[in-house]
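Asks: Give the three-dimensional model of this entry:
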Amino acid sequence: MTMHTTLDRRRLIKGSASLAALGLAGCATGRIERPVVIPLAPIRASVNRLFDITVCLRPFRAQGPRLDTEQVGSKLVVHNYGHGGSGWSLSWGSAAVAVGQAMQASPKEIAVIGCGALGLTSAITAQQAGAAVTIYARDLLPETRSARATGSWTPSSRIALESAASKDFPVLWEKMARISFHTYRRYLGMPGNPVEWSDRYNVFDESPAERAKLRPADPLGFADYQDRIADIMPPGEDLPQGATPFQFPYVRRSSLMQFNIADYAHTLMSDFFAAGGKFVRAEFGALGDVSRLKEKVVINCTGYGARELCKDESIVPVRGQIGWLIPQPEVNYGVYYQGVFVLPRRDGIVVQRLDGGDMRGYGDANETVDRAESEEAVKRVAELYQRFKV
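Replies: Numbering: from 1, shown residues only. You can find the predicted model right below:
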């Protein structure tokens, strides 16, 4: 009898521990304590909430960004363009490289051509180096292609081809990525949240092995250097079923920085003008037109425009389209499902088709809006939220 009592007690203790691990220990009191679910607000995905659709051409170069110098008449031109899908992410590090070359001539004044992500960061970096800076461009940042970017920290996105990049480029890329990451740290927590961290959820019905078989082909061999900065990139984690409102067998969560470009652009322009920067509306038909500028040193940050300006046919357009849903302040996470990426920003909810991988939009210079593309993307997001349980 004593032996049976002891065994039963052991079984009871063991059973209680198992229930507790499952969040069901409350059964002993008649209550069932459900596992804690990460609180997420649903996105109101409807084509009726699409308020804008924008198209951006990313300037991809197989060799990686152009960061060399050339003499154009009496001007020293420092090139800073061709960053593929990594323009915003690498902007500060790339600016540091370009300005470092520009300052070797000890100029008191520097001209910057272009007022996108690379232009403004190069201008501010040159000011910090002690130069007076004038930006010459057709448009201020809100009207540039940079303003139509997704807004994620993606420093290795379409940055080069593995086969075409020089053997020294991975080291340079890492330098630019680390400088940029460190600089963005200064913008966290600022009014308007120009830069902030957000969680992203990748949801799947397929197992990792099944997804590997479905992964889009990469016939060109795009370079990926993310492992070089693994120490500053928080690793993702696979979540157990029931941990989120997403009713899918496989959910992976990661955290990334994002740029709320409307606020961030305003912050950058304010910083530039507050430091005495000047803006002159101008257009250049050819690189030789810089000869009319008064500055002896020019930093060329014209992005995709450099293809025509510099007759640089190494630049390949990569088309990307974004559908914009009305903002929902309560939604503070991104999600990827069935080839569609969603990123809530302060100025709208980004909905973008990414199926096809890095080859999607490659070589496509068409900047005409395709409404059917964005509506299809929103409909896929709506399907996702049919399997969402608050």
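Asks: Stretch 231-238 - what's its average pLDDT?
Replies: On average, the pLDDT along stretch 231-238 is 94.
Asks: Which residue comes closest to I232 once chain neighbours are left out?
Replies: F181 (5.6 Å; CB to CB, 6 or more residues apart in numbering). (Glycine included, C-beta is placed from N, CA and C.)
Asks: Let's verify A262: helix, strand, or coil?
Replies: In terms of secondary structure, A262 is helix; the call rests on DSSP: H, G, I helix; E, B strand; the rest coil.
Asks: How about K294: what's its closest non-neighbour residue?
Replies: Closest to K294 by CB to CB, 6+ apart is E109, at 7.3 Å.
Asks: Quick check: bridge partners of the one you found?
Replies: Note on E109: beta-bridge partners by DSSP bridges are A132.
Asks: separation between it and P317?
Replies: 33 Å (CB to CB, to the nearest Å).
Asks: and these two? which has more neighbours close in?
Replies: Set E109 next to P317 and count neighbours by other CB atoms under 10 Å: P317 wins out with 19 against 14.
Asks: pLDDT wise, what is that one at?
Replies: pLDDT, P317: 98.
Asks: same check, this time on F279
Replies: What the model reports for F279 is a pLDDT of 98.
Asks: Next, it: secondary structure please.
Replies: Going by three-state DSSP: F279 is strand.
Asks: Now it. Nearest residue, chain neighbours left out?
Replies: Spatial nearest neighbour of F279, chain neighbours left out: I135 (5.0 Å); criterion: CB to CB, 6+ apart.
Asks: Next, the contact list for the residue nearest to K294, please.
Replies: 131-134, 294-297 (CB atoms under 8 Å, 6 or more residues apart in numbering).
Asks: hang on, the earlier thing: ok now the helix or strand encompassing the residue nearest to F279, how far from the chain's centre?
Replies: Per DSSP states H and E, I135 falls inside strand 132-137. What separates the centre of strand 132-137 from the centre of its chain is 26 Å, taken as CA atoms, centre = their mean, to the nearest Å.
Asks: Helix or strand next in line after that strand, which one?
Replies: helix 169-184.
Asks: and the gap between R215 and D355?
Replies: For R215, the distance to D355 - CB to CB - is 11 Å.
Asks: Comparing those two, which shows the higher neighbour count?
Replies: D355 (12 against 8).
Asks: Surely the more buried one and P216 touch.
Replies: Yes. D355 lies in contact with P216 (CB atoms under 8 Å); the separation is 7.3 Å.
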